[in-house]
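A.B. asks: Let me see the structure of the following:
(2 chains)
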Amino acid sequence: MTTAFPGGNPSDPGYWEVIFDVIPFPVYVADSTTFDIICANRAMLQRVSVRPGDKCYAAIYQQPAPCTFCKMPELESGAACGANYLEFEHFNDLDDRWYQLRETMVAWFDGRRAKYSIAVDISALKEVQNALAEAHAELALKNRRLNGALASEQEVTLNQRNFLAMVSHEFRMPLSIIGGAAQLLEIYTNGKQEAGEEVAKIDRAVHRMSDLIDVCLADDRLTSAVAALQVRRTELAPLVEDICREKAELGGAERLRLTIGASAAAMADPAMLRVAISNLLDNALKYSPAGSGPVLVSLDGGPAEARIAVADHGPGIPADEVERVFEKFYRSPSATGTKGAGLGLYIVKQIVESHGGRVQVRPGSSIGSEFIITLPVDPEPAD
Amino acid sequence: MPLKVIIADDSIITVKKLLVLMEGLGHQVIATASTGRQAIEAYRQHRPDLMTMDISMPDMDGMEATAAIVAEFPEARIMMVTSHGQERMVIDSLDAGAKGYVLKPVRIEKLSDMIAKVMERAL
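C.D. replies: Predicted structure coming up:
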């Protein structure tokens, strides 16, 4: 410091006052054991009135005793380890401003140990930082609320599934009793037509209900299966060919016609995809009247997507139902003549979407409706 | 509707400032506390609608006091009013059960907004 201020004498207190006065931030020097203020610079005196001999905690911070945030003990122990200063941020609740304080331990010219403290007002910077911290707190609180809501929703869903599975099992026994009793009643009717018709109604209702129970259980299994999807690279052409062969064996080769444009491979769980395509084919065969011509199945691969289409000769699906047919338990009002629980297309949609694909229906035309599965293509592996 | 409020802060100056702000917003400050333990006692005794809580206080900090109060009164509406903006402090306070976080200096608009949010959250 003597080199920086060549004309002065560091043993003279006036020397320090001149140095401190050129610093544009508030500075004060205080005795490290008595907390007596030794001196303060001009910028400090403009903020607060302090005189030598005042206690720093009382004169500057209006505290009855050394401040709870006072760093004097840390400075003393730091000085013992060779580090003679501390830098920290402090909020002063007297003037509601934030300061960066740099406090340094020095041997004062008269031999006392003292600290000098320089305060830089950083309120503008802290305003931005604090606004960020407050926004962070708000987000964290919102996040917690959302997570809480999600967890309770998942619990409700799980409870619903468990309840459905339990009820489905519990319904089987009384249902089989009703069905058995109906068969006995049929024998007791002795061929009386009216009574026989009523018994047949009971029988049909029992079957319908039994189907619904199967469907509820299948849905439960579907949810688990979709969750545990095992995908691998699957060539689509052999899969579709195999499904068509199987259906043709059961329903007659003349009822199906398969066209393969370009083959493609997709990342898929072959067993699950087979269920989806089979369901579409079963539906198409079910709704196409005998002698109406073959169900048309086609596979086409593009650069990004593969398309599997199934066109039937059924009554078609009205335009206002194209979205609803994929809903769980939805049965078209026009489908009264055929059996079903309204789950087949729902399952198709679940499976296809779990593969990152989509399924659509082209509404009824003169030749029936066309269902299209679109799947993302898995590109040819590079050699 | 005026709220019954307790202010917990070891700085007399902050307590006085918050008191003026709260009354300016039409609320009633029914007690003040200057340590964590006093805050818990004051909560038990007065069951306020709202409590403001400093973090750095002698004998027990504000996060510990908040956790103790929320464990006993899960519906407690406590908002931190502090100069600590570090992420760890924010998260620990929310973990303790605080429903709001305000950094000093506290301005009346900021306080009013946060009280509205804390009261809405507690519904």
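A.B. asks: What mean pLDDT does stretch A:166-186 get?
C.D. replies: The average pLDDT within stretch A:166-186 is 83.
A.B. asks: Relative to the whole chain's centre, how far out is the helix or strand containing residue B:95?
C.D. replies: Per DSSP states H and E: residue B:95 is located in helix B:87-96. Computed by C-alpha atoms, centre = their mean, to the nearest Å, the separation of helix B:87-96 from the middle of its chain amounts to 14 Å.
A.B. asks: Please list the residues outside that helix that contact it.
C.D. replies: With contact meaning C-beta atoms under 8 Å, 6 or more residues apart in numbering or on different chains, helix B:87-96 is reached by A:133, A:136-137, A:140-141, A:144, B:55, B:62-64, B:66-67, B:70, B:80, B:82, B:101. Glycine gets a C-beta too; all of them are placed from N, C-alpha and C.
A.B. asks: Render the CA-only coordinates of that helix in PDB, please.
C.D. replies: In PDB, the C-alpha atoms belonging to helix B:87-96 read as follows (Å, rounded to 0.1, in the frame of the first residue of the first chain):
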ATOM      1  CA  GLU B  87     -32.400 -23.900  -4.100                       C
ATOM      2  CA  ARG B  88     -31.700 -26.300  -1.200                       C
ATOM      3  CA  MET B  89     -33.400 -24.000   1.300                       C
ATOM      4  CA  VAL B  90     -36.400 -23.700  -1.000                       C
ATOM      5  CA  ILE B  91     -36.800 -27.400  -1.400                       C
ATOM      6  CA  ASP B  92     -36.200 -28.200   2.300                       C
ATOM      7  CA  SER B  93     -38.800 -25.700   3.300                       C
ATOM      8  CA  LEU B  94     -41.400 -27.100   0.900                       C
ATOM      9  CA  ASP B  95     -40.500 -30.600   2.200                       C
ATOM     10  CA  ALA B  96     -41.000 -29.300   5.700                       C
END
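A.B. asks: Show me which positions of that helix end up buried.
C.D. replies: By 16 or more other C-beta atoms under 10 Å in any protein chain shown, the buried positions in helix B:87-96 come out as B:89, B:90, B:92, B:93, B:94, B:96.
A.B. asks: Would you agree residue B:76 is in contact with residue B:97?
C.D. replies: Yes. In this structure, residue B:76 is within contact of residue B:97 by C-beta atoms under 8 Å, at 7.1 Å.
A.B. asks: From the structure, what's the count of residues near residue 114?
C.D. replies: Picking chain A for this. As a burial measure, residue A:114 scores 23 neighbours (other C-beta atoms under 10 Å in any protein chain shown).
A.B. asks: Please refer instead to chain B.
C.D. replies: Neighbourhood size, residue B:114 [other C-beta under 10 Å]: 22.
A.B. asks: beta partners for the closest residue to it other than its chain neighbours?
C.D. replies: Nearest residue to residue B:114, sequence neighbours excluded (C-beta to C-beta, 6 or more residues apart in numbering or on different chains): residue B:100, at 4.7 Å. Beta bridges link residue B:100 to residue B:79, judged by DSSP bridges.
A.B. asks: going on from the host helix or strand of residue A:224, what's the next piece of helix or strand?
C.D. replies: Using DSSP H and E, residue A:224 maps to helix A:193-227. The helix or strand immediately downstream of helix A:193-227 is strand A:232-235, counting by DSSP H and E.
A.B. asks: buried residues in the next helix or strand after that next one?
C.D. replies: Remark: after strand A:232-235, the chain's next helix or strand is helix A:236-251, criterion DSSP H and E. By neighbour count on 16+ other C-beta under 10 Å, the buried set for helix A:236-251 is A:236, A:237, A:239, A:240, A:243, A:244, A:247, A:248, A:251.
A.B. asks: Under the pLDDT cut-off, which ranges of the stretch 1-150 of chain A? List them.
C.D. replies: The stretch 1-150 of chain A contains residues with pLDDT under 70 at A:1-11, A:13, A:79-80.
A.B. asks: Repeat that for chain B.
C.D. replies: Applying pLDDT under 70 to chain B flags residues B:122-123.
A.B. asks: Could I get the pLDDT score of residue A:286?
C.D. replies: On the pLDDT scale, residue A:286 is placed at 85.
A.B. asks: Correction: the previous question concerned residue A:290.
C.D. replies: Reported pLDDT for residue A:290: 80.
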